[in-house]
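Enquirer: here you go, sequence then predicted model.
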Amino acid sequence: MSPRNLGLFFVFSVLNVCRLVLSDVGNVIASDSAENLKQVSDPSPPGSAGANSPPVFKPAVDFAFPLSLLSSFPEDLEISEYCRELLAVFGQRYVAYANCLVPAARPVKVCQNCFSGFGSLKEIYTNISSDKVGPVNESCRDSLLHSDRLMLVYLLFSSVEDIWKKSACDQCVSDGYQSLNNGTLYFLDVLNETIACFEKYRQGNLTELCTNCKSFYKSLNDLYGQKEQNQSLCIDLEDAMNMTRKLWSKSFNCSFPREETVPVIAVSSFMLFLPIIFYLSSFLHSEQKKRKLIHPKRAKSSTSLMNIQDKQS
Amino acid sequence: MANITKKVSWSSRGDEAGAAWEGTPLLNGSERPSVSRQDSTSWKPKEIPHNEKLLSLKFESLDYDNIENQLFLEEERRMSFLGFRCLEISRWVVCGLIGVLTGLIACFIDIVVEKLAGIKYQVIKENIVQFTEAGGLSISLILWAVLNCAFVMLGAIMVACFEPIAGGSGIPQIKCYLNGVKIPRVVRLKTLVVKVFGVICSVVGGLAVGKEGPMIHSGAVVAAGVSQGRSTSLKRDFKIFEYFRRDTEKRDFVSAGAAAGVSAAFGAPVGGVLFALEEGASFWNQMLTWRIFFASMISTFTLNFFLSIYHHKPGELSNPGLINFGRFESETMAYNFYEIPLFIAMGALGGALGALFNVLNYWLTIFRIRYVHRPCLQVMEAMLVAAVTAAVSFIMIYFSNDCQPLGPDNSEEYPLQLFCADGEYNSMATAFFNTPERSVRSLFHNPAGTYNPLTLGLFTLTYFFLACWTYGLSVSAGVFIPSLLIGAAWGRLCGILLASIAQADSTWADPGKYALIGAAAQLGGIVRMTLSLTVILVEATGNVTYGLPIMLALMTAKIVGDYFQEGLYDIHIKLQSVPFLHSEAPATSHWLTAREVMSSPVTCFNKVEKVGTIVDVLSNTSTNHNGFPVVVQVSDNDEPAKLCGLILRSQLIVLLKHKVFVELAQSRLTQRKLQLKDFRDAYPRFPPIQSIHVSQDERECMMDLTEFMNPTPYTVPQDTSLPRVFKLFRALGLRHLVVVDDENRVVGLVTRKDLARYHLGKHGLEEMHLAQT
């Protein structure tokens, strides 16, 4: 287990504690398995954060017994009922989230459609990974997360979390995974207006579309540029914008045409012409630089090439 | 008018061979000195157009050889053991200072260029975006051209009007200096200032230039300045490092400075040392090498340190160099055995293209020397080049249909959309609308498919001619980056073509790898450096495994290129008429002896010489000799006298200035004895003889040269062959070599210009002319 992972767990634990403190004030999270949570989110004093200790492994204990599929382990090594329950809930939510993700792959709507799924999945994982002691006086973190080499639960969650991070959904979803944030909703509004406009004029003349929808498209484009500047884009918005731009530029052909070829060519050929004039005039009017030859003092007159060649031959 | 002058042949050797000496028989001149004296008086100065087969009188040798006169011996006796240890330590301190200052200068240039270029491109980009929509792109073009012109004009005025020697990359000049030629004003503070600001202007002005070559010159100037402990320009003397105020020490430090400059420019400390070794190889010892390496290392890491602060990552020392090639570490960057022949072929192509570049630049430079020699014309030319560069770039971008989707990480600094679809950028613009360094990096590292072959082909073609046209303008600018850029462009093109030939699933033909080899081959084909360039490139890529392909490419490039034309720096050295001594005497010159090479008769002084005579000889503008054998007359007749020492013009001038006359010494017993310090104080700008006033009475006084002359000058007998003399000059850094007969009588004097005039031409051994420039 690398130090990085330890750090990760520490962060999770701290997050969990913070969240629990919040929920203590009355900000109870709506969830489909509230009963389970009730047990889990038994509020603990914030001071327990200090009691965080790095997970302890007991490989020696694991290997003390011969491995066999049939045999069941003695009571003290089995995971508790409580942890088993947590694991089951994790499984349910995982499946739900995956089911949500796959249809949202194209066109990309992974943030819009599945943010709540991720929220609940993350919540249960946070519970599992917290070092808070359950009803049977043991932490599920050790038993579920890393008592073996594979660390399946951790692996599953980290892959999901990777998808979440890559899609940058955090930029579009409000804190607590309750809803999409205002900026995203506004952007989607503008986007829908633009698409509606496209639909409206699509059948007719495309140049008409270009002129009529230009204001919508432009405001959408500007909004996008703005959001790009302050990095508040998630994959959903990027993909939607990409598609819109493709429609606009490629399908409807509304890009700027190359119109002013003549003035550009005129100006640049004028510039290209200048050096020719310059070199010609300096060749004709500037007096050629001459070098004065100097006769060196020589013992003998073998300085000329002819003599050298004579001597060589 | 000009049509007539045009008819003057490039070299007027043909008609002169018969004219001047047709009556002079092939006689040993030592027997008939009067003949050649008559010749020289009847000789009318002849004017020919400038060409490469000239040696200029304005260049002199450095006095690398130590003058072991009595003053020197006295000083050495006085100096304690501790004194010598202090000297050694202060040499190290000087090298450290050179490294730090060079690194700082590199850092300054880098940051200022980045800032100014950023502003420029931002302004133009906004303008283009605005006019793409509203119409009127020709205004953007004019804006771009005007901005370029303004910057370049600033740089060109500085160079053309204030310090012409600061023009170009400065590498030819430093090469000459390390070879032992004193190039006037090359290591002055003013040159450094003009160089630094000039290079900023020309890079920001969008010319096809780089800022790496000038760094080498800057490092050399820093070294020459720091090691002297004073600035003659600023009239400040810090009274430190006084011992180093002579050519021998200064030249060693300059080699350290050049190395520090290379290492700052490319992040290649070892390459820097090898550059100094390759260019100044004749005067080396281990301690000097080690010190130079120290200076290089310090320079790289000073630059790293300050750039890390600038990039808000203080203390991170692992991102070296002005030009950073980035890391070549991905899987596809590995190369295979079967690619070696491809690399060699690319080397050959680089050599051929480099030779073409050099030939074109050679003709252009000759034209410039002959016709574009007035400062105002030079400034105008530079501005025109800037405007045309902008115009050509703009046309290329305007008519390019190569659109690429914007990358997720926004690797393009200033993406231009122009007529591309939204969300895409113009691929031609990444190559043209950028500082050359960034273009090189994007050619190396952008993923396959970023450029389409047509874009690359057009870019190579235009940039080749632009770079060729730009080098030699009177702006300070280097040729390294443009060469790398041209090479990277066609190298990448090769990579793309290979990839399209190869099977679809093979990934070996990564365009970035071929861009690197192409860049190496092109650079090698143009500058023809070998060892140091290989190491510099390997260090700049940070990947030792590329050593072999880069070496092979450079080797082939040099072999192929040398078949057609010399290296660019050698061409420019020749065109500046510098008496440059190559590492070997020209082949087939063993039959030439010192008797034929030497100058004769020699102007000698007696051991005790009349002041009037000395003043007259020194003020004779037509001869301008620098070293004078000191002789004792054996008999009264006209026979040459016996040699007993050698004295330099600079020493005589100091002696005259301090009026060290025999009569005065007798009358004023209290007069302070002249010390070596007095000579050092006058170094390096000895006053001209005209500024020293000698009254009529003083002219009759006598001067005793015994104490000051070098009593043991190197001499050779008359029959020594040219290669033997040549070796002495190269190995000992000589300035004067006295030719004596078997009775130690002075017969002639060999100097650098006597040796440098022989070169191997198309028709065997040829001889260059001395000329006044």
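Expert: Sure, I can see it.
Enquirer: make it CA atoms for all contacts and neighbour counts henceforth
Expert: Noted.
Enquirer: so B:Gly261 sits against B:Ile216, correct?
Expert: Yes - between B:Gly261 and B:Ile216 there is a contact at 4.1 Å, judged by Cα atoms under 8 Å.
Enquirer: the two: which is more packed in?
Expert: B:Gly261 (38 against 29; other Cα atoms under 10 Å in any protein chain shown).
Enquirer: what sits against that one?
Expert: B:102-103, B:215-220, B:272, B:296, B:299 (Cα atoms under 8 Å, 6 or more residues apart in numbering or on different chains).
Enquirer: rerun at 7 Å
Expert: B:102, B:215-216, B:218-219 (Cα atoms under 7 Å, 6 or more residues apart in numbering or on different chains).
Enquirer: surely it is in a strand?
Expert: No - assigned with DSSP: H, G, I helix; E, B strand; the rest coil, B:Gly261 falls outside any strand and is helix.
Enquirer: after the helix or strand harbouring B:Ser255, next one along is what?
Expert: Using DSSP states H and E, B:Ser255 sits within helix B:247-266. Downstream of helix B:247-266, the next assigned helix or strand under DSSP H and E is helix B:269-279.
Enquirer: starting at the chain centroid, how far to that next one?
Expert: 14 Å (Cα atoms, centre = their mean, to the nearest Å).
Enquirer: pull it out as CSV, backbone CA atoms only.
Expert: This file holds the C-alpha atoms of helix B:269-279, laid out as CSV (Å, rounded to 0.1, in the frame of the first residue of the first chain):
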residue,chain,number,x,y,z
PRO,B,269,26.8,22.4,-20.6
VAL,B,270,28.9,19.7,-22.2
GLY,B,271,28.0,20.8,-25.6
GLY,B,272,29.3,24.3,-24.6
VAL,B,273,32.6,23.0,-23.5
LEU,B,274,32.9,21.0,-26.7
PHE,B,275,32.0,24.0,-28.8
ALA,B,276,34.8,26.0,-27.2
LEU,B,277,37.1,23.0,-27.8
GLU,B,278,36.1,22.6,-31.4
GLU,B,279,36.5,26.3,-32.2
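Enquirer: average pLDDT across the helix or strand following that helix?
Expert: Per DSSP H and E, the first helix or strand lying C-terminal to helix B:269-279 is helix B:286-310. Mean per-residue pLDDT for helix B:286-310: 92.
Enquirer: okay, buried residues for helix B:286-310 please.
Expert: Buried residues in helix B:286-310, defined by neighbour count with 16 or more other Cα atoms under 10 Å in any protein chain shown: B:288-289, B:291-308.
Enquirer: which stretch of helix or strand covers residue 193?
Expert: Unless you meant another one, I'm taking chain A. Under DSSP H and E, the secondary-structure element containing A:Glu193 is helix A:182-201.
Enquirer: let me rephrase: I mean chain B.
Expert: B:Val193 belongs to helix B:189-204 when elements are defined using DSSP H and E.
Enquirer: which secondary structure elements does that helix contact?
Expert: Judged by 3 or more Cα pairs under 7 Å, 6 or more residues apart in numbering or on different chains; DSSP states H and E, the packing partners of helix B:189-204 are helix B:81-134, helix B:137-157, helix B:212-226.
Enquirer: against B:Ala519, how distant is B:Ala499?
Expert: 18 Å (Cα to Cα, to the nearest Å).
Enquirer: who's more crowded, the two?
Expert: Taking neighbours as other Cα under 10 Å, B:Ala499 and B:Ala519 compare with B:Ala519 leading, 35 against 19.
Enquirer: tell me which residues touch that one, please.
Expert: Neighbour list for B:Ala519: B:483-488, B:491 [criterion: Cα under 7 Å, 6+ apart].
Enquirer: let's see it at 8 Å
Expert: Contacts here follow Cα under 8 Å, 6+ apart; on that basis B:Ala519 touches B:483-489, B:491.
Enquirer: where does chain A dip in pLDDT?
Expert: A:1-78, A:132-138, A:299-313 (pLDDT under 70).
Enquirer: give the buried residues for the lengthiest helix in it.
Expert: The longest helix of chain A (DSSP state H) is helix A:261-285. Buried positions in helix A:261-285, judged by neighbour count with 16+ other Cα under 10 Å: A:264, A:267-268, A:271-272, A:274-275, A:278-279, A:282-284.
Enquirer: residue of the stretch 1-150 of chain A nearest chain B, please.
Expert: Residue nearest to chain B within the stretch 1-150 of chain A: A:Val108 (16.3 Å; Cα to the nearest Cα).
Enquirer: thinking B:Gly542 is in contact with B:Ala268, fair?
Expert: No - using Cα under 8 Å, B:Gly542 is not in contact with B:Ala268, being 9.2 Å away.
Enquirer: what do the two both touch?
Expert: Contacts common to B:Gly542 and B:Ala268, judged by Cα under 8 Å, 6+ apart, are absent.
Enquirer: verify the stated contact: B:Pro314 with B:Phe305.
Expert: Yes - shown here, B:Pro314 and B:Phe305 form a contact pair, counting by Cα under 8 Å, at 7.0 Å.
Enquirer: show me where the stretch 651-773 of chain B has strands.
Expert: For the stretch 651-773 of chain B, applying DSSP state E, counting those that start in this stretch gives strands covering B:702-704, B:715-717, B:736-740, B:746-751, B:758-761, B:764-767, B:769-772.
Enquirer: Three-state assignment for B:Phe628, please.
Expert: Going by three-state DSSP: B:Phe628 is strand.
Enquirer: after the helix holding A:Glu193, which helix or strand is next?
Expert: Immediately after helix A:182-201, counting by DSSP H and E, sits helix A:206-212.
Enquirer: right, so of the helices and strands packed on helix B:189-204, which gets closest to chain A?
Expert: Closest to chain A of the helices and strands packed on helix B:189-204, according to Cα to the nearest Cα: helix B:137-157, at 4.8 Å.
Enquirer: which neighbouring elements make contact with the closest one?
Expert: Applying 3 or more Cα pairs under 8 Å, 6 or more residues apart in numbering or on different chains; DSSP states H and E, we find helix B:137-157 packed against helix A:261-285, helix B:81-134, helix B:189-204, helix B:375-399.
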